[in-house]
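Asker: please work out how this folds:
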Amino acid sequence: MKSPNYDDPAVEEKWCNERRAEVDTYLKREGVTYGRIGEWPAWHMAPYVSIWAIESAKRPEWVGWWVICGDFPTDYVSADTIKHPREAMHSIAERWREISGYMSRGEKHPTVNVGTPDSWPELGPLLKARAKLLAELADDDTVWKE
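Answerer: Have a look, this model is predicted:
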């Protein structure tokens, strides 16, 4: 079977629409109160990762959350102090690095639950690797063309 050509605008649009639906499902499952989800990602690299601006429910027309979705764990951060998708990517990468450290030590993170204690020895290194890759993407000026 032939791999999709993500340089084809129709293929790219389909991928982005699928990620947008995943973001919506994820936020609802997490119980996040929000306004609208951007029609298009604030930043993306199909078929790997996308960062979505999510409207604040308290301040319509303002970004309240940033969500990462794609071939990474779906996660979100508040946009209170994070004003750009690149900053959101850095923040999420740092949080994942921190959480993976707890998991690798067999300790429960004080605010985030990932998997079960039995799965931490396997999940910790995976999350750490994802955090490293995400941080490298955030630091790579060539993928952040303005």
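Asker: spatially central residue for this protein, please.
Answerer: Ile68 (1.6 Å; C-alpha atoms, centre = their mean).
Asker: so that residue is in which element?
Answerer: strand 63-70 (DSSP states H and E).
Asker: so what touches that strand?
Answerer: 19, 22-23, 26-27, 32, 34-35, 37, 42, 44-45, 47-58, 74-79, 82-83, 85, 88-89, 91-92, 134 (C-beta atoms under 8 Å, 6 or more residues apart in numbering). Every C-beta, even on glycine, is put in place using the N, C-alpha and C of the backbone.
Asker: strand partners (parallel or antiparallel) of it?
Answerer: strand 49-56 (antiparallel), strand 75-78 (antiparallel) (DSSP bridges).
Asker: please save the CA atoms from it in CSV.
Answerer: Extracted as CSV, the C-alpha positions of strand 63-70 are listed here (Å, rounded to 0.1, in the frame of the first residue of the first chain):
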residue,chain,number,x,y,z
VAL,A,63,-6.3,31.4,23.5
GLY,A,64,-6.8,29.6,26.8
TRP,A,65,-5.1,26.3,26.1
TRP,A,66,-2.5,24.7,23.8
VAL,A,67,-2.9,21.1,22.8
ILE,A,68,-0.4,18.8,21.3
CYS,A,69,-1.7,15.9,19.2
GLY,A,70,-0.3,13.5,16.6
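Asker: tell me the bridge partners for the residue nearest to the centre of the chain.
Answerer: According to DSSP bridges, beta-bridge pairing links Ile68 with Ile51, Asp75.
Asker: centre of the chain to the strand holding Ile68, how far?
Answerer: 6 Å (C-alpha atoms, centre = their mean, to the nearest Å).
Asker: try stretch 48-60
Answerer: 11 Å.
Asker: list the buried ones in the helix or strand in which Gly101 is found?
Answerer: Element membership for Gly101, per DSSP H and E: helix 85-105. Residues of helix 85-105 classed as buried by neighbour count (16 or more other C-beta atoms under 10 Å): 85-93, 95-97, 99-100, 102-103.
Asker: do the same with stretch 69-80
Answerer: Across stretch 69-80, burial judged by 16+ other C-beta under 10 Å covers Cys69, Gly70, Phe72, Pro73, Thr74, Asp75, Tyr76, Val77, Ala79.
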